[in-house]
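> have a look at this prediction, sequence included:
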Amino acid sequence: MALKDKKTNKAVNEKTDKKASKKTNKKQKSKIINKTTINIATIILYIIAIVAFEILYCNAIFTVCRVCVYISFFVLYFIFKNKFIEESLKVSENKYKRIFIYLAIIATILAILLAIAIMMWNPLYKRAVAIMLITVALGTVFIIHVSNDLIKNIAVVVFTIGTVFSISTKFNHALDEKKHFMSALNLSYYNWDYGKNPVTDKSIEKLPQLSKFTTIDEFLKNDYKPEASREVVKEDIPSTPAEYNQLLYVIPAIGVWIAKLLGGSIIDVYILGRIFNLIFYGVLIAIAIKLIPYKKNIFMVIALMPMSLTLAASYSIDGVCIGLVFIFIAYCLKLKKEKETIGLKDFLILTALFMVMLLAKSMAYITVAFIIFMLPLIKTLKKNKKYLPIIIAISIIACIVIVALAMYVKNTKIISDTRMEGNISVSGQINNMINHPLFVVRVLLLHINNTLLNFTWLSYLHQMTFFGTTSMQVMLIMMMFILYVSITDDDYNFKIKDKVIMATSFMLTFLMTSLILYISFSEVGGLGIGGYQPRYLIPVLPLLLFGVSNNRVKSISGKNRNMNICIASAIFIVIGIVQSIIV
């Protein structure tokens, strides 16, 4: 009897669940925003963006490369769409989200009409119009799919408005992009020894420095034939490969290789390599956000700054550096929260992440490792004495590797930069520092005053080179926004000791990156440190911002906080795109 009653109850429950499911489906179908409409709208908006890119940006010169890319993208979209749509539907009840969606769709329709009007009035603006239309269409896709899932939000940004930077930013931009591109190009020709024996491609080499999208017609033609050449003019510094670790260029090199293989134009080659670098950046940031147990939004707002995305959506290695440093920081904080003692496995993973992080900028971020003093090291050593010999052995090996890398960097990487005028000498600068220590202190204090305490310098986190004369005003508002997020992101508040350790790690990194440039990029005995830019501190910026919140200031977090912060970041991204079109 009991078994029969159980079966009866199970059948009743199944019927109830089916009825509830049918009601939910009917309820969803009755709404304007549901799974079907989101899917259809997304496809239509992407098609609008593709048509605008092909007709207006690429002069209707079609290539097999781009067709293959579009097909691959839609295949991936249909594989993963349900995961993103489900997250989007969870926040579709929010009336402000719905209003944003409706406004974005209206904006897309108006943008199409405006694009037609501008093209009829003056076709010379077609590429600017194309970027505007693509931004609005992909911005609408972003608004539709943004949710409270931070990792999915990173993916949404990368495959929507983030991608626009790959076509709006000047080709061979001012931050040595051509040198970084040449490194990726050499790898695409299977040349790993490009430091000593570089190759070039004479057709690609014709693309000038700082080529704006308005001047690329010649390089959109589909008659480009890849051809490696050993005729590299080494005196032409921007046309020689950057001498960073080859592994940093593997991903964009794959994009370059695919574009060449599929018969893409020179611009196709440039753009696809940029997009691959951006996707890799998105993957690294997603891993970091997944690992870090708290303060996730701080990672996100820094990673989604227009400057961060501009660097990531080009051949610069700065995006990869940001991602690698973020992952190391995230894993350290994960261990701090979850482990009372550090096990051998954790130690090995931490060591591996540290070694990988050393690839970034020729060991410039080695001092980030100071944050390991936040971990329970003494407690770990007392509790795991049996592992002590292994830990010591690994530590010794790690030290040997670091010393070997340092010697390698000294012998091959830190060389006098010939782009700077005056007496630039690594050995001369080191000797001058040893002989005049008080002068070094004076240089340091002046450097801090001219950088960390100088808003004009800080405003280059939204650099005028890319975003024009209004960049400083935008940066001021964005800094206030980032500070607000940092203060209110109080899901965990660090102790004073931990804040001191993080601030010290930040300052040590500031000193290390400054020292490298003073030795290799500044005149011997000079008071200034040449070429020091705020972008070098983006990877360690979270270490300062993590310590801003405290127990005295409590915020009331809404259930859609993650989504709202991401939308606010997206507004700054769109502003950055508009600025990059105008500049």
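Structure's in. What do you need?
> my guess is Lys170 meets Thr214, correct?
No - the criterion here is CB atoms under 8 Å, and Lys170 misses it with Thr214 at 10.1 Å. Glycine gets a C-beta too; all of them are placed from N, C-alpha and C.
> more neighbours, the two?
Lys170 (20 against 12; other CB atoms under 10 Å).
> got the contact list for the more buried one?
By CB atoms under 8 Å, 6 or more residues apart in numbering, the contact set of Lys170 is Leu210, Ser211, Lys212, Phe213, Phe466.
> rebuild those residues as CSV, extending it with pLDDT and neighbour count.
Converted to CSV, the contacts of Lys170 look like this (pLDDT from 0 to 100; neighbours: other CB atoms under 10 Å):
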residue, pLDDT, neighbour count
Leu210, 88, 13
Ser211, 89, 17
Lys212, 91, 17
Phe213, 90, 18
Phe466, 90, 24
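> show me where the stretch 1-150 of the chain dips below the pLDDT cut-off.
Within the stretch 1-150 of the chain, the segments meeting pLDDT under 70 span 1-30.
> quick one: least confident helix or strand in this protein?
helix 2-30 (a mean of 49; mean pLDDT, DSSP states H and E).
> Leu262 and Ile61, how far apart?
Counting by CB to CB, to the nearest Å, the gap from Leu262 to Ile61 is 15 Å.
> outline the domain layout of this protein.
When the chain is parsed with automatic domain parsing, its domains come out as 34-168, 320-360+363-413, 424-552.
> quick check: end-to-end length of the last one?
End-to-end distance of domain 424-552 (CA to CA, to the nearest Å): 50 Å.
> roughly how far out does that domain sit from the chain middle?
19 Å (CA atoms, centre = their mean, to the nearest Å).
> and the strands in the protein?
Assigned by DSSP state E, the chain shows no strands.
> quick one, helices of the stretch 301-450 of the chain?
306-312, 318-338, 344-357, 377-383, 388-408, 426-435, 437-450 (DSSP state H, counting those that start in this stretch).
> okay if I get the ones you listed as JSON lines plus mean pLDDT and distance to Ile582?
Output for the helices of the stretch 301-450 of the chain, formatted as JSON lines (pLDDT from 0 to 100; distance: least, CB to CB, whole Å):
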{"stretch": "helix 306-312", "mean pLDDT": "95", "distance to Ile582": "13"}
{"stretch": "helix 318-338", "mean pLDDT": "93", "distance to Ile582": "23"}
{"stretch": "helix 344-357", "mean pLDDT": "86", "distance to Ile582": "37"}
{"stretch": "helix 377-383", "mean pLDDT": "66", "distance to Ile582": "52"}
{"stretch": "helix 388-408", "mean pLDDT": "56", "distance to Ile582": "43"}
{"stretch": "helix 426-435", "mean pLDDT": "83", "distance to Ile582": "40"}
{"stretch": "helix 437-450", "mean pLDDT": "90", "distance to Ile582": "29"}
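> and among those, the most buried is which?
Of these, the one with the most neighbours on average (mean count of other CB atoms under 10 Å) is helix 306-312, at a mean of 27.
> what helices or strands is that helix leaning on?
Applying 3 or more CB pairs under 8 Å, 6 or more residues apart in numbering; DSSP states H and E, one finds that helix 306-312 contacts helix 161-168, helix 266-291, helix 318-338, helix 464-467, helix 561-582.
> what's the first one packed up against?
Looking back up the chat, that one is helix 161-168. helix 126-145, helix 266-291, helix 306-312, helix 561-582.
> leaving out the residues flanking it, which one is nearest to Phe213?
Distance criterion CB to CB, 6 or more residues apart in numbering; nearest residue to Phe213, sequence neighbours excluded, is Arg127 at 4.9 Å.
> tell me how far the one you found lies from Ile582.
13 Å.
> follow-up on the earlier one: of all the contacts of Lys170, which two lie farthest apart?
The span of the contacts of Lys170, defined through CB to CB, is set by Ser211 and Phe466 at 14.0 Å.
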